[in-house]
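Q: Quick one, fold the following:
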Amino acid sequence: MGRMSVGERRSALVAAAFTVIATRGLPAASIRTIVAEAGMSLASFHYAFTSREELLDVLIAETTASERSAVLPGQISGHSLHDLFAEGLGGYLEHLRARPEREQAMLELTQYAVRSRPDLAREQYGAYQEIALATLELVAAETGCQWLVPAPTVARLLVYLTDGLTIGWLVDRDTDAARATIEAAARALSTLART
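A: Now for the predicted structure:
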């Protein structure tokens, strides 16, 4: 492999780690397996990361950041609350369909964090809830709606919905059923606000 910057090494190792975890599971994702998948030497890993745990932290942070951009509706003005929920959840579904291996790996990483690093799991889900709450606040400001239940509760519900959507779609890959579920969820979520 030619000379790479630290940033390029990190990117290649992150991609390799996602591939290994999605295809073989987290227990198989040793540093040696990840560098072999990336086509790098073991020494290359230590130029980019101090430990496997640091790499796992980066995987979670990177996926959370990409999910943030996926769920934000493209255009808010002039849309109904129902349409905004449907668009946001639909955007998440497209994100999931485009890179299912990342979300499959994230499920394993979440279980690892719950067992071994609960602080990391809480941080991950805290970030998800912050994303959902920020989206809800933006939507409320644009549509003039008022939540009938506390917005943090609606945010938590959105996180739970995306978790179920993720697992359900990864199991059956039935996009039509997922879209129908999103439509029903958007309708239900819309009833939690007064416009």
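Q: avg pLDDT for stretch 180-195?
A: Computed over stretch 180-195, the mean pLDDT rounds to 95.
Q: any idea which helix or strand of this structure has the worst average confidence?
A: Within the chain, confidence by mean pLDDT, DSSP states H and E is lowest for helix 52-71 among all helices and strands, at a mean of 79.
Q: Which neighbouring elements make contact with it?
A: Here helix 52-71 touches helix 6-24, helix 31-38, helix 81-98, helix 100-116, helix 118-143, going by 3 or more Cβ pairs under 8 Å, 6 or more residues apart in numbering; DSSP states H and E. (Glycine included, C-beta is placed from N, CA and C.)
Q: okay, those in JSON lines with distance to Glu53 next?
A: Converted to JSON lines, the helices and strands packed on helix 52-71 look like this (distance: least, Cβ to Cβ, whole Å):
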{"stretch": "helix 6-24", "distance to Glu53": "12"}
{"stretch": "helix 31-38", "distance to Glu53": "11"}
{"stretch": "helix 81-98", "distance to Glu53": "26"}
{"stretch": "helix 100-116", "distance to Glu53": "9"}
{"stretch": "helix 118-143", "distance to Glu53": "9"}
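Q: Which one of these lies nearest to Ala180?
A: Nearest to Ala180, of all the helices and strands packed on helix 52-71, is helix 81-98, at 11.1 Å by Cβ to Cβ.
Q: could you check the angle helix 100-116 makes with that closest one?
A: 90 degrees (axes from the mean of the first three to the mean of the last three Cα atoms, to 10 degrees).
Q: How much space separates Arg156 from Tyr92?
A: Between Arg156 and Tyr92 the computed distance is 16 Å (Cβ to Cβ, to the nearest Å).
Q: So for the two, which sits in the more crowded spot?
A: Shown here are Arg156 and Tyr92; by other Cβ atoms under 10 Å, Tyr92 has more neighbours (22 against 16).
Q: roughly how far apart are that one and Gly144?
A: Taking Cβ to Cβ, one finds Tyr92 at 25 Å from Gly144.
Q: ok, now Ala22?
A: As judged by Cβ to Cβ, Ala22 and Gly144 stand 42 Å apart.
Q: Tell me which of those two has more neighbours.
A: Counting neighbours by other Cβ under 10 Å for Ala22 and for Gly144 shows that Ala22 has the greater number, 20 against 10.
Q: And for the more buried one, nearest residue in space, chain neighbours not counted?
A: Leaving aside its sequence neighbours, Ala22 sits nearest to Glu101 (Cβ to Cβ, 6 or more residues apart in numbering; 3.6 Å).
Q: Could you pull up the residues touching the one you found?
A: Counting by Cβ atoms under 8 Å, 6 or more residues apart in numbering, Glu101 makes contact with 18-19, 22-23.
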